[in-house]
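A.B. asks: structure of the sequence below:
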Amino acid sequence: MVRISPSPTFLDWAHQTPSNKSIRKSISSSSLSSGAKSGRSSAQWDTETSFVRGGSYTLQDTAALDTIESLLLQYGTASHMGARDWSYSFYINGSQTGALIYKVLDKVAMISGDPLCPPDQYLSFIREFQAHCKKQHLGVAMVAASDNMSKIAHQHKWMSIHFGTEKVLNPCTNPMLLGRSGNRTVAKCRQLVKQGTTVDIYCPAEQYDAAIEKELVRIYKDWRAARNAESGATNAFMTVYDILSLPRLMAFVYSKDASGNINGFAALRKLGQGYHVDPFIAAADAPKGTSDLLLYATMALAKETGITKLSLGFEVVPELEDMERVPKVLHGVIKKTHRRIFGQLHLGGKKTFFDRFHPDEQQDAGLWILYPQRPSLKHMLATMHFANIRVRTVIS
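C.D. replies: Below is the predicted model of the structure:
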């Protein structure tokens, strides 16, 4: 078996828990000035108590990052991957007990995932955010909401569409790690190790290393550039990460060639329950199979530490079968459009890759698009743009 041993720094990172104090407060007054300099926050500072009041923030607002990281650590899911994308914003509620992640497209605030708060507060949080958006003449929609959130939508007669499934590996029961399947993949990983490829772990919050971070950024930028040079199909449902953002939540499993040069990495974000691995990528000059080795090694590491949830992200369904409150005039159009997008953008390739690593079907979780208010054309356009799908791709 290809294995990497969890280092003490990784164990410290893996066993961290959210601080109740950091959820109630954002950061000391010494950081307020740096947050104010961004000029992009619609929130208000309480200069007497150093609290962050309810409102919108971005990754530039350093005074709010402690609160954001703590809420992500406690309530985060794979659907909150946009937290590390600079095009997203964070809305913190008035009581500073929760947040949500969103971006504005076509005058619609597109919420990514559920609110970062206890489920019994979901509805009141969405209502508060709707009121906030109404003042700015923005509509509201949700993408990648959970099954729990969809039940609330059903109760309140929101339009809802089941569009995908979160796929999760359970390293403790994974048949590939237990030697029951995936012989070709495992053999390739072993061959890479014999040829001199090694795997290590980097936890930026525990052991800062500028040289490693420089290489991680280089590999990711080169990979992004190569993806952008290809057809638009490869960019559908893609998030553009700031690889080094939110370091308290991150660890990196990285590979090195026989000369000691870093040639790939898998990024792990700590969730409220488990971990999300994305991206896992190899440099252009890395040997074939390096990405498989990174994911396999990540699973082995997770198994060593008793982790039972390693989320791979989304798998889009080929057909939209579960839809509620969709107007009859739109029902057929939406299904036909989705079928066309799925076929043209080759979204089924992700399922093929995921299946090789045997996701745990018991941890499958539904993903929903929800419209708390009756959607208009701008909501539909915003939903497509949120997924990085160009309109001309659909109508061409």
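A.B. asks: please count neighbours and contacts with C-alpha atoms only from this point.
C.D. replies: OK.
A.B. asks: what comes up buried for the strand or helix carrying M380?
C.D. replies: Assigning secondary structure by DSSP states H and E places M380 in helix 377-386. For helix 377-386, the neighbour count (16 or more other CA atoms under 10 Å) marks 379-386 as buried.
A.B. asks: and for stretch 245-261?
C.D. replies: So stretch 245-261, judged by 16+ other CA under 10 Å, has buried residues 245-257.
A.B. asks: from those, which land in strands?
C.D. replies: Among these, the ones falling in strands (DSSP state E) are 250-256.
A.B. asks: now, which of those residues sits nearest H331?
C.D. replies: Lowest distance from H331 to these (CA to CA) belongs to M250, with 40.8 Å.
A.B. asks: the closest one contacts P204, correct?
C.D. replies: Yes - in this structure, M250 is within contact of P204 by CA atoms under 8 Å, at 7.1 Å.
A.B. asks: H379 and V108 touch, don't they?
C.D. replies: Yes - with contact defined as CA under 8 Å, H379 and V108 form a contacting pair (6.4 Å).
A.B. asks: which neighbours do the two share?
C.D. replies: Common contact partners of H379 and V108 (CA atoms under 8 Å, 6 or more residues apart in numbering): 139-141.
A.B. asks: format those as JSON lines; extra columns: pLDDT, secondary structure and distance to G274.
C.D. replies: JSON lines is the format used below for the shared contacts of H379 and V108 (pLDDT from 0 to 100; DSSP: H, G, I helix; E, B strand; the rest coil; distance: CA to CA, whole Å):
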{"residue": "G139", "pLDDT": "97", "secondary structure": "strand", "distance to G274": "32"}
{"residue": "V140", "pLDDT": "98", "secondary structure": "strand", "distance to G274": "29"}
{"residue": "A141", "pLDDT": "97", "secondary structure": "strand", "distance to G274": "27"}
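A.B. asks: mind giving me the PyMOL command for buried ones among the residues you listed?
C.D. replies: Burial among the shared contacts of H379 and V108 is assessed by 16+ other CA under 10 Å; the matching PyMOL selection reads:
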select buried, resi 139+140+141
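A.B. asks: quick one: which of the shared contacts of H379 and V108 is nearest Q191?
C.D. replies: For the shared contacts of H379 and V108, the nearest to Q191 is A141 (47.5 Å; CA to CA).
A.B. asks: can I get the buried residues of helix 377-386 in a markdown table with pLDDT and distance to V326?
C.D. replies: Shown next, in a markdown table, are the buried residues of helix 377-386 (pLDDT from 0 to 100; distance: CA to CA, whole Å):
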| residue | pLDDT | distance to V326 |
| --- | --- | --- |
| H379 | 91 | 13 |
| M380 | 88 | 12 |
| L381 | 89 | 16 |
| A382 | 91 | 17 |
| T383 | 89 | 15 |
| M384 | 86 | 17 |
| H385 | 86 | 20 |
| F386 | 87 | 20 |
